[in-house]
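S.K.: Need a 3D model of the following:
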Amino acid sequence: MVEQNTVTIAERIVELNKLGMRNCQIARALDVSRQYVSRVCRSQGYDKERFPSAQDSRRSQDNRLLTTGAAGHILGVSAVTIRRWADEGKIPCFRIDIGRRDRRFHCSDLELLKRSIKTDS
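M.R.: Residues are numbered from 1 along each chain as shown. Model prediction:
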């Protein structure tokens, strides 16, 4: 039984690493040590060159993932409006499953929406 639970945590660590989360964020979210997260990533062959950290992904505009508040700041609306638009399907988003199921938005999607809002007005 312990083996199956460890595999599940390891898979979640790899998945969150692919999303660009840092090891300390993953450790806090899954309630494991940072050393364990690093060990799993190394054993699976995931290193910083292959999956950049969240700070590195901020440099590339297309791969950047934004929170609800940051998305609202870019579009000039409140976070409540962003959540409503995401629920209505006006903004594509995905949920990260680390407890609260927070929404994340791709920067490129927001830029397209921002351009379309400017051309409409």
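S.K.: Touching, residue 69 and residue 80? I think so.
M.R.: No - using C-beta atoms under 8 Å, residue 69 makes no contact with residue 80, being 10.5 Å away. Every C-beta, even on glycine, is put in place using the N, C-alpha and C of the backbone.
S.K.: Just give the nearest non-adjacent residue to residue 24, would you?
M.R.: Beyond its immediate neighbours in the sequence, the residue positioned closest to residue 24 (C-beta to C-beta, 6 or more residues apart in numbering) is residue 34, lying 5.5 Å away.
S.K.: mind checking the SS state of residue 32?
M.R.: For residue 32, the secondary structure call by DSSP: H, G, I helix; E, B strand; the rest coil comes out as coil.
S.K.: Actually, residue 20.
M.R.: For residue 20, the assignment made with three-state DSSP gives coil.
S.K.: Mind giving me the packing neighbours of the one helix or strand residue 84 maps to?
M.R.: Using DSSP states H and E, the secondary-structure element containing residue 84 is helix 79-88. Judged by 3 or more C-beta pairs under 8 Å, 6 or more residues apart in numbering; DSSP states H and E, helix 79-88 is in contact with helix 68-75, strand 103-106.
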